[in-house]
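**Q** I would like to see how this sequence folds:
(2 chains)
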Protein chains: 2
Amino acid sequence: MQKTQLYDAGFSEKGLAKHLVHDSPYFKIINFNFEPGQELPVHSHDVEGQLSITVLEGEGEFLGAEGATQPAHAGDVAVADIAESHGIRANTRMRILVTIAPPV
Amino acid sequence: MQKTQLYDAGFSEKGLAKHLVHDSPYFKIINFNFEPGQELPVHSHDVEGQLSITVLEGEGEFLGAEGATQPAHAGDVAVADIAESHGIRANTRMRILVTIAPPV
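**A** Below is the predicted model:
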């Protein structure tokens, strides 16, 4: 069993901080940490599969196609197809965990 | 995008509370909530794949084969093969999120 402590991972004033937690043929797990105002811009990949976004800390918005937004708070889990537009914007410091299966 | 708020999910005095968050051909996501002393007993499944355990709240121990334990705290992510012995015991109230890929 491989263990990672997400609260040890830092933030960056220069842009969102990306920390690879795990990568295998089964799934990829990435931790993104945002300063207020930083974002993971809306994007999508034209492949099969789904991803989950778990908000560990902070609040902001889930971003979707055509400017759509949904509130994002600690404890929220959002699931989307990888081919569906998705992104995140932070209003406070924010820690999220993204799991992509199968890995892109 | 399908959204679930994990902190809305309850606990049970009778045993660990299991809440299915998502199930698809790509992964299964389950939230388990524990009262102090409750556990997900050590088990394994003889299939390909991996699972992640994210501790959202509380503390306890990750359980492994032959009585092995590792401390589990909020912010920890543990990854194991599905075929590897794994379990969790709670010392405080504890919320965890388990992602299984591919789903068992």
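
**Q** how about the residues of chain A that lie near chain B?
**A** A:1-8, A:21-22, A:24, A:26-27, A:29, A:48-50, A:52, A:54, A:56, A:62, A:64, A:70, A:73-80, A:84, A:86, A:97, A:99, A:101-102 (C-beta under 8 Å from any C-beta of the partner chain). Using the backbone N, CA and C atoms, a C-beta is placed for each residue, glycine as well.

**Q** and with 6 Å instead?
**A** A:1-7, A:21-22, A:24, A:26-27, A:49-50, A:52, A:64, A:75-80, A:99, A:101 (C-beta under 6 Å from any C-beta of the partner chain).

**Q** just the strands in chain A please.
**A** Along chain A, the stretches classed as strands by DSSP state E are A:2-5, A:17-23, A:28-34, A:39-43, A:50-57, A:59-63, A:69-73, A:76-81, A:86-90, A:94-101.

**Q** off-centre distance for the second one?
**A** Looking back up the chat, that one is strand A:17-23. Strand A:17-23 sits 10 Å away from the centroid of its parent chain (C-alpha atoms, centre = their mean, to the nearest Å).

**Q** do the last one as well
**A** The chain centroid and the centroid of strand A:94-101 are separated by 4 Å under C-alpha atoms, centre = their mean.

**Q** what angle separates that strand from strand A:86-90?
**A** 170 degrees (axes from the mean of the first three to the mean of the last three C-alpha atoms, to 10 degrees).
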